[in-house]
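A.B. asks: Give me coordinates for this.
(chains A and B)
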Amino acid sequence: MIRHGFGWVVAALLNAAFVQSSFAQNPAPGARVQIKGELVDTWCSVTGIMFSAGTAHHQCAVWCAAGGIPVSIKTAAGEYYMVLRIGEDDNSVADKSFVKIQSHEVNVDGELIERDGVKYLFVSKVLDDEGVVDLTHEQNPISPFGE
Amino acid sequence: MKYFFILLPLVAFIAAPAFAADEWGIDHEKAAQFTAKVVDLACALKGDCPANCGDGHRQLGLLTEDGKLRAAVKGNTDFAGAVHDLLPYCGKTIEVDGLLIENPAISIYMTQRIRETPDKPWIKTTAFLKDWTAKNGKPKQWFREDPLVKEVIGEDGVLGIKGLAPSAPK
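C.D. replies: You can find the predicted model right below:
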């Protein structure tokens, strides 16, 4: 019984140490990258629950960003980069600076940190913002609801 | 026979698991119930840690007991995330139930229910709508009535391009 209790204590301490080590206190900086792509809402676009690109989905992308769903940059190759900061602005939840640029085609410079299947991006500078250029409404109804 | 119809729902209720995530049929989704610590993602990744996980201004994640960091991107309110639901538990370990979507391009988690400990009841993740209603009044569709949405759509239009209005697709 005592041995079992000791084992649990050791296991708990090892687990706590592992979790602590995986919670970055002084993490190494991520890679410097330049990423080009469309700003999308990370729910509709990833899940494919509806048509979710360009002008036809712009309104919904604004809804989702205003609802606090993370914004990502989706590249032409289909990679996603979840944006957690733009410049000095780290208000990444329902902040106007994040909401207003939904569906824009951008080219950004920033720090990339990959962890557990997610590419997190801390944008240092927006190098280019072309606005909304993917005119998907010409071929698709407004998504969702058609209006 | 009448007892059969009375008892059937009861038997079904008892036989069903205590809780299971609502499936959406999304590619790569799987129901995932686990214990995790609520964390500020930027804090976990870069050691930049304001008080109270950024007070609702930062995206939150779930750090599991085996060290996996899950991005909690969605709650149970239409078109809304899970920050309102998770923020009260910043730094605490809770139990979550929902959908883990391990798309090869990005892994995300939809938090559908949370509970503080196994002896506490599950809470559906609808805090966004509750908080929105308390601030703005009861909506028909919060996403069409939200002040920030109205401001942005008012400035740039439904299509995101000033002066361009929707028309019937070709």
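A.B. asks: Tell me where the model's unsure across the chain.
C.D. replies: Answering for chain A, as no chain was given. Residue ranges of chain A with pLDDT under 70: A:1-28.
A.B. asks: That was the other one, I meant chain B.
C.D. replies: Scanning chain B for pLDDT under 70 picks out B:1-19, B:168-170.
A.B. asks: Show me it divided up by domain.
C.D. replies: Following automatic domain parsing, one finds the domains of chain B at B:12-125, B:139-170.
A.B. asks: check whether the last one contacts chain A.
C.D. replies: Spelled out, that is domain B:139-170. Yes: Domain B:139-170 is in contact with chain A by C-beta under 8 Å from any C-beta of the partner chain, via B:142-143, B:146, B:148-149, B:151-153, B:155-156, B:158-161, B:164, B:166-167, B:169-170. Where you see a C-beta, it was placed from the backbone N, CA and C, and this is true even at glycine.
A.B. asks: Narrow those to those that are buried.
C.D. replies: Among the residues of domain B:139-170 next to chain A, the ones that count as buried by 16 or more other C-beta atoms under 10 Å in any protein chain shown are B:142-143, B:146, B:148-149, B:152-153, B:156, B:158-161, B:166.
A.B. asks: Show me the residues you listed that map onto helices.
C.D. replies: Of those, the ones assigned to helices by DSSP state H are B:142-143, B:148-149, B:152-153, B:156.
A.B. asks: remind me, longest strand of chain A?
C.D. replies: strand A:118-132 (DSSP state E).
A.B. asks: buried stuff in that one?
C.D. replies: Across strand A:118-132, burial judged by 16+ other C-beta under 10 Å covers A:118-123, A:132.
A.B. asks: tell me the helices in chain B, going along the chain?
C.D. replies: Assigned by DSSP H, the helices in chain B fall at B:2-15, B:41-46, B:83-86, B:127-136, B:142-145, B:147-156.
A.B. asks: Go ahead and flag the most central residue of chain A.
C.D. replies: Nearest residue to the geometric centre of chain A (C-alpha atoms, centre = their mean): A:M82, 1.8 Å.
A.B. asks: Can you name the residues bridging to that one?
C.D. replies: A:S72, A:Y120 (DSSP bridges).
A.B. asks: roughly how far apart are it and A:Y120?
C.D. replies: Per C-beta to C-beta, to the nearest Å, A:M82 is found 5 Å from A:Y120.
A.B. asks: tell me, how many neighbours does residue 98 end up with?
C.D. replies: No chain specified, so I'll use chain A. If you count neighbours by other C-beta atoms under 10 Å in any protein chain shown, A:F98 ends up with 21.
A.B. asks: That was the other one, I meant chain B.
C.D. replies: When neighbours are counted by other C-beta under 10 Å, B:G98 registers 26.
A.B. asks: for B:T117, same thing?
C.D. replies: 9.
A.B. asks: Does it touch B:E95 like I think?
C.D. replies: Yes: using C-beta atoms under 8 Å, B:T117 makes contact with B:E95 at a distance of 7.3 Å.
A.B. asks: I figured B:Q59 hits A:V83, correct?
C.D. replies: No: B:Q59 is not in contact with A:V83 according to C-beta under 8 Å; the separation is 9.2 Å.
A.B. asks: how close does B:R115 sit to A:E105?
C.D. replies: Relative to A:E105, and taking C-beta to C-beta, B:R115 is found at 42 Å.
A.B. asks: So which of those two has more stuff around it?
C.D. replies: A:E105 (19 against 16).
A.B. asks: what about the more buried one, which SS state?
C.D. replies: Secondary structure for A:E105, judged by DSSP: H, G, I helix; E, B strand; the rest coil, is strand.
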